[in-house]
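**Q** here's my sequence, what's the structure:
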Amino acid sequence: YDGKSDLHVGITNSNGVVYNYNEEGIHRAETGWEQCISIPLVQPDMFGLLQQWDTLLEEFSVGEAWLAHRYEEHDHNCYTYALAFINSVLTAQGKQQMSKSEFTEKFVIPQTKKASKYITLHQELAANDFYIVPLPDQEKQC
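**A** All right, here's what the predicted structure looks like:
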């Protein structure tokens, strides 16, 4: 990633299928997201929500709001889809919804900062012909 193009956003079900929205409507992808940044949304102790997650995601995704003709690049896009789903889950739990800026600041920016550091390090290592040598196994030295 060069930092100059837009990122695409999706939400996974419990089997790792990525639900995402674009100008062609909703997609369910099992591959093609191997180099994504994963942002955990559900804590492991939220067992009840984990049990319902797949059903909630599927039901939300077949709604009329996510038909292909409703897509609009800046105002009704993949990010809108993901945030609307998250907010629907929060509402169902009796919690306050998040604004786009709140979600971005709380969840997206911290993860993208980490990814940016790793990408920058990788680019520098690749550009300057460095390589990493594994340390000798400590047990073999004893």
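**Q** list the contacts for Glu124?
**A** The contact partners of Glu124, taken as Cβ atoms under 8 Å, 6 or more residues apart in numbering, are Phe130. No exception for glycine: its C-beta is placed from N, CA and C like everyone else's.
**Q** that one belongs to a strand?
**A** No - note on Glu124: no strand contains this position according to DSSP: H, G, I helix; E, B strand; the rest coil, which reports helix.
**Q** how close does it sit to Ser5?
**A** Taking Cβ to Cβ, to the nearest Å as the criterion, Glu124 is separated from Ser5 by 21 Å.
**Q** in stretch 97-104, what counts as buried?
**A** Met98, Phe103 (16 or more other Cβ atoms under 10 Å).
**Q** same thing with stretch 15-28?
**A** By neighbour count, with 16+ other Cβ under 10 Å as the criterion, the buried positions of stretch 15-28 are Val17, Val18, Tyr19, Asn20, Tyr21, Ile26.
**Q** excluding chain neighbours, what is closest to the second one?
**A** Leaving aside its chain neighbours, Val18 sits nearest to Gly10 (4.0 Å; criterion: Cβ to Cβ, 6 or more residues apart in numbering).
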